[in-house]
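Undergrad: pasting the structure only:
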């Protein structure tokens, strides 16, 4: 795990490009169709203790994620779970530990991963949630709705955008200590503001698994300054036309990313959450478990949130043309981060006898290399030493894989 005191400036290019384009409605819709709701459900079950997880070779049941009490040792395990997911999805994962109170036995940890924008890297989108939970007493705090639901959507977005190129930079983040004090986001948000990016937008997700018969709301502590981002959320909600729709824009006195407030006009934030006019009956109890959530409501919210991310991050349309997410495949490209060559190892299920070429595509959908091979080849090595650095996609028959060319 990479410890980082938020020296984020090294991640972004020293550019001042301000041109912002908008992806088409069809692009937004296509991104949303790629969401795997089973992944979201599984993450909630794992992070709320319904299913065991293996982290660094050890098996855990994350029964609670509270920072206080006899089970507080599980909170840093939850942070490691997020870190492990980012690594699994192909990102570099960063975290920074801090401790607010001397009585805390364990550090609080913000965990984040960065997807650098291809066109406007200094336009930053913070897409975030939290991995902690809270209990009314020293009991179990599974926190399936508050806030495994928001975290699961963030992690699914990170998985999805691994193979989707965007014009703007996305930071996927999971904060700690958001249930007790709300200060868990301070360090990262403060560091982002000090970077003085061209554009800084924040989306925080919380309690999106239970409706109580009321749709979700978009909140901000400055509904005037943030009206562009707020109404883009409404636009996506209407575009998707799900049964679940954003019901209103509300003014929150303090949101978990309030450190963006009272800054220059190009800093915007929204807080996407349950309408608390009808309180969640299992909040901070042992009954905040997956079985008490509303899957349809949860999945619709995932579509709205990730659709909004696709819109404001500026998905590059051509990067969707060559993406494939097979349900099951033993075919791989290795190494995943390559310098001189890649080895393509194919299963028989990947083969299409009519196809006799292995083709490499860049993120713009352009074919940069095509080599003819026997259509029943199961292993093939390609020289990629001369290719520019970046993400590439490999297509052979009906199968698509990817790798990153590095120095």
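TA: Okay, I see it. It should be emphasised that the depicted structure is a prediction, and the values quoted were computed from it without experimental measurement.
Undergrad: For the rest of this, base every contact and every neighbour count on C-alpha atoms.
TA: Will do.
Undergrad: roughly how far apart are residue 121 and residue 172?
TA: According to C-alpha to C-alpha, to the nearest Å, residue 121 stands 15 Å off from residue 172.
Undergrad: More neighbours: which of the two?
TA: Per other C-alpha atoms under 10 Å, whichever of residue 121 and residue 172 has more neighbours is residue 121, with 26 against 22.
Undergrad: Looks to me like residue 297 is in a helix.
TA: Yes: per DSSP: H, G, I helix; E, B strand; the rest coil, residue 297 lies within a helix segment.
Undergrad: so it touches residue 246, yeah?
TA: No: the pair residue 297 / residue 246 is not scored as a contact, 11.2 Å apart, by C-alpha atoms under 8 Å.
Undergrad: the helices in this structure, which residues?
TA: Using DSSP state H, the helices of the chain run over residues 25-33, 37-47, 74-88, 149-161, 186-195, 227-240, 295-313.
Undergrad: which strands and helices sit next to the first one?
TA: By that I understand helix 25-33. helix 295-313 (3 or more C-alpha pairs under 8 Å, 6 or more residues apart in numbering; DSSP states H and E).
Undergrad: Could you list which residues are in contact with residue 237?
TA: Shown in contact with residue 237 (C-alpha atoms under 8 Å, 6 or more residues apart in numbering): 245-246, 304.
Undergrad: Neighbour-wise, which one of those leads?
TA: residue 304 (27 neighbours).
Undergrad: Surely that one touches residue 239?
TA: No: with contacts counted by C-alpha under 8 Å, residue 304 stays clear of residue 239, the gap being 9.2 Å.
Undergrad: Please name the nearest non-neighbouring residue to residue 174.
TA: Ranked by C-alpha to C-alpha, 6 or more residues apart in numbering and with sequence neighbours excluded, the top spatial neighbour of residue 174 is residue 130, at 4.6 Å.
Undergrad: Same check on residue 407?
TA: Per C-alpha to C-alpha, 6+ apart, closest to residue 407 is residue 339, 6.0 Å.
Undergrad: In contact with the one you found, which residues?
TA: Contacts of residue 339 (C-alpha under 8 Å, 6+ apart): 384-385, 405-407.
Undergrad: Let me see the backbone angles for it.
TA: For residue 339, the backbone dihedrals (degrees, to the nearest 10) come out as phi -110, psi -50.
Undergrad: Would you mind measuring from residue 115 to residue 201?
TA: 15 Å.
Undergrad: same question, residue 244
TA: On the measure of C-alpha to C-alpha, residue 244 and residue 201 end up 24 Å apart.
Undergrad: One more: residue 212?
TA: 29 Å.
Undergrad: Neighbour count: the two, which is higher?
TA: residue 201 (20 against 17).
Undergrad: give me the beta-bridge partners of the residue nearest to residue 174?
TA: Residue 130 has the following beta-bridge partners by DSSP bridges: residue 175.
Undergrad: Then residue 370?
TA: Note on residue 370: beta-bridge partners by DSSP bridges are residue 359.
Undergrad: just the strands in the stretch 301-407 of the chain please.
TA: Using DSSP state E, counting those that start in this stretch, the strands of the stretch 301-407 of the chain run over residues 332-334, 337-338, 341-345, 357-361, 367-372, 379-383, 390-396, 399-405.
Undergrad: Spit out the contact partners of the residue nearest to residue 185 when sequence neighbours are not counted.
TA: Closest residue in space to residue 185, ignoring its immediate chain neighbours: residue 175 at 5.7 Å, by C-alpha to C-alpha, 6+ apart. Residue 175 makes contact with 109-111, 128-132, 184-185, according to C-alpha under 8 Å, 6+ apart.
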